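S.K.: I would like to see how this sequence folds:
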Amino acid sequence: MTAPIRVLLVDDHALLRAGFRTILDTQPDITVVGEASTGAEAVAQAAALRPDVITMDVQMPDMDGIEATRRLVADPAVSAAIAIVTTFDRDDYLYQALEAGASGFLLKNAGAEDLISAVRALAAGDGMLAPEVTRRVLTRFAGTTPETGAAPARAVAEAPTARVLAEPLTERESEVLTLLADARSNAEIARALFIGEATVKTHVSRILQKLGARDRVQAVVLAHRMGLA
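M.R.: Numbering: from 1, shown residues only. Below you'll find the model as predicted:
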């Protein structure tokens, strides 16, 4: 029997944490192992509880969620995937979260099923960005502005640096990367290519390794900058 997904809830509003706990604890494959009300508490709790997924608020006292995410991602002892959960659909939060190493972005007004699906996706290594969010990220980091056709200056400065691949992508890896750029999940990629999800995960891991990318979003950004997707 597969162990349940261990989740740490981080938010300075106790009522919201209680709501999230109620939703997630109803699922047989998910268990909430802890809660934190500040970024500093989140860092300490993550080290102690070793969750698989962390839902992280942005605006909190003591240490905000972006800085907490940055510290957790930099800690080799922490392997949790982090989803930023915020009230505000703000591009600056989105970009800062992804730059800090978050694996997903969710609004607090999302439905219960969205929260549950997000936790499962992150635990499976799928990441959690809707297609429209992915397009915003690519416009920011790798694409061009609709008005001018030019990449925003700040976006170019902040984008991951394109690099020469030490080892070229195989034909199948290129196909997987193209579907990643379309914001497909591992399950969707598996169905599109008529292969197993385990095989998709292997291909994604190899793609990240070859691109030198931290996660799926950064891999897509780099691929677009290098003309690979």
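
S.K.: CA atoms of stretch 216-227 as CSV?
M.R.: Taking Å, rounded to 0.1, in the frame of the first residue of the first chain, the C-alpha atoms of stretch 216-227 are listed here in CSV:
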residue,chain,number,x,y,z
ARG,A,216,9.7,21.6,-15.4
VAL,A,217,8.9,25.3,-15.7
GLN,A,218,12.5,26.3,-15.9
ALA,A,219,13.0,23.5,-18.5
VAL,A,220,10.3,24.9,-20.7
VAL,A,221,11.8,28.5,-20.4
LEU,A,222,15.2,27.2,-21.3
ALA,A,223,13.8,25.1,-24.2
HIS,A,224,12.1,28.2,-25.7
ARG,A,225,15.2,30.3,-25.4
MET,A,226,17.2,27.6,-27.1
GLY,A,227,14.6,27.0,-29.8
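
S.K.: Please work out the average pLDDT along that stretch.
M.R.: Summarised as a single mean, pLDDT over stretch 216-227 is 74.

S.K.: With stretch 165-177 instead?
M.R.: pLDDT averaged over stretch 165-177 gives 87.

S.K.: Run the chain-centre distance for it.
M.R.: 22 Å (Cα atoms, centre = their mean, to the nearest Å).

S.K.: Contacts for that stretch, please.
M.R.: By Cβ atoms under 8 Å, 6 or more residues apart in numbering, the surrounding residues in contact with stretch 165-177 are 189, 193, 200, 203-204, 206-207, 210-211, 219-220, 223, 226, 228-229. In short, each C-beta sits where N, CA and C put it, glycine included.

S.K.: Apply 7 Å and report the result again.
M.R.: Contact with stretch 165-177 is made by Ile189, Leu193, Val200, His203, Val204, Arg206, Ile207, Lys210, Ala223, Leu228, Ala229, as judged by Cβ atoms under 7 Å, 6 or more residues apart in numbering.

S.K.: Could you tell me which of these belong to helices?
M.R.: Ile189, Leu193, Val200, His203, Val204, Arg206, Ile207, Lys210, Ala223 (DSSP state H).

S.K.: How many residues are close by Asp215?
M.R.: 18 (other Cβ atoms under 10 Å).

S.K.: Report pLDDT for Phe141.
M.R.: In this prediction Phe141 is given a pLDDT of 58.

S.K.: which residue is nearest the middle of the chain?
M.R.: The centroid of the chain falls nearest to Ser103 when counting by Cα atoms, centre = their mean (1.3 Å).

S.K.: Against Ile195, how distant is that residue?
M.R.: As for Ser103, its distance to Ile195 is 23 Å (criterion: Cβ to Cβ, to the nearest Å).

S.K.: buried set for stretch 67-80?
M.R.: Residues Glu67, Ala68, Thr69, Arg70, Arg71, Leu72, Val73, Val78, Ala80 are the ones in stretch 67-80 that count as buried (16 or more other Cβ atoms under 10 Å).

S.K.: And that stretch, how far out from the chain middle?
M.R.: Stretch 67-80 sits 13 Å away from the centroid of its parent chain (Cα atoms, centre = their mean).

S.K.: Just the terminal-to-terminal distance for it.
M.R.: From its first residue to its last, stretch 67-80 covers 15 Å (Cα to Cα, to the nearest Å).

S.K.: Ok, stretch 175-188 next?
M.R.: Note: stretch 175-188 ends 13 Å apart using Cα to Cα.

S.K.: Domain map for the protein?
M.R.: 5-128, 133-225 (automatic domain parsing).

S.K.: Most tightly packed of those domains?
M.R.: domain 5-128 (a mean of 19; mean count of other Cβ atoms under 10 Å).

S.K.: Between the two ends of that one, what distance do you get?
M.R.: 16 Å.
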